[in-house]
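Student: what would the 3D arrangement of this be:
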Amino acid sequence: MPLLPTHLHDGVATVSFHHPKGNSLPSSLLSELAQEISALATNASARVIVLRSEGTGPFCAGASFDELTAISTPESGKEFFSGFSRVLLAMIRAPQFVLVRVQGKAAGGAVGLIAAGDLSFAVKSAAARLSELAIGIGPFVVGPCIEKKIGLAAFSTMAAGADWQDAEWCERHGLYSQIFDTPEAMDAAIDGRAQVLAASNPEAMAKLKKIFWAGTEHWDQLLADRAAMSGTLVLSAFTRDAIARFNQRPAPPPAR
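Tutor: The predicted structure is shown next:
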């Protein structure tokens, strides 16, 4: 499922992605996201970036379970999880502010995408969950971004509990900058903030970005090491069994 065409208007670049399975992220889509954000980072016409997914369902279900089950070696596992690290690094190293639009639930790696944004806007139904431990791995690659954004204690709660946290909890701990009753109110706030930022001094914003993400200069190696952890653990019998059980769950009844 390819990345949707980026929309650039009045300095605001909107990057949109979609996948029929809950906006999950296969390696091809992760690669396209990283490439597109990296390209925008050098585009002087793009003064602010908005990252969003399509549809009215989940913001993102995290890693593609189809690809997780297909991983057969530690090397291929590391490469798959490195896809997340490339997107996160592209987001935090872009000189522009990145605004993340969260119109629904966010699970696993999706929480990392939100944390890598500089501002995030969510509806009140947008619960978030780090589900990795439930399938025998951990939020290793996305963990540094999440911990930096919400702090160690809140990250530990999410990572060890593996429970859904409601949008109010996410806003209280800094994962969400603002939450809204309706998607329309959220979109109005995003548009307003994006317009203000697009009219702001790019040099000042770039310097602020460096302050926001100070201490991450070594993350290329850190996230590579974390990807290797996940790439090895995903081959374990525990994880294989857990993913198989997950895939065998009955589909939810259709909405009425």
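Student: buried residues of the helix-or-strand element of the chain with minimal mean pLDDT, list them for me.
Tutor: Across the helices and strands of the chain, mean pLDDT, DSSP states H and E gives its lowest value to helix 237-247, namely a mean of 81. Using 16 or more other C-beta atoms under 10 Å as the test for burial, helix 237-247 gives 239-240, 242-243. Any C-beta I mention is one placed from the backbone N, CA and C, and that applies to glycine too.
Student: quick check: which element contains Ala153?
Tutor: helix 152-161 (DSSP states H and E).
Student: got it, and Ile211?
Tutor: Per DSSP H and E: helix 202-212 holds Ile211.
Student: in the helix or strand following that helix, what counts as buried?
Tutor: Using DSSP H and E, the helix or strand that directly follows helix 202-212 along the chain is helix 219-233. Within helix 219-233, the residues scored as buried using 16+ other C-beta under 10 Å are 219, 222-223, 226-231, 233.
Student: against Gly108, how distant is the nearest residue to Phe238 once chain neighbours are set aside?
Tutor: Leaving aside its sequence neighbours, Phe238 sits nearest to Gly136 (C-beta to C-beta, 6 or more residues apart in numbering; 4.1 Å). Between Gly136 and Gly108 the computed distance is 13 Å (C-beta to C-beta, to the nearest Å).
Student: sorry, back to before: what's the angle from the least confident helix or strand of the chain to helix 219-233?
Tutor: Relative orientation of helix 237-247 versus helix 219-233 (axes from the mean of the first three to the mean of the last three C-alpha atoms, to 10 degrees): 80 degrees.
Student: and the biggest helix by length in the chain, which residues are buried?
Tutor: Longest helix of the chain, by residue count under DSSP state H: helix 74-93. Residues of helix 74-93 classed as buried: 74, 76-78, 80-93 (neighbour count, 16+ other C-beta under 10 Å).
Student: cool, thanks, signing off.
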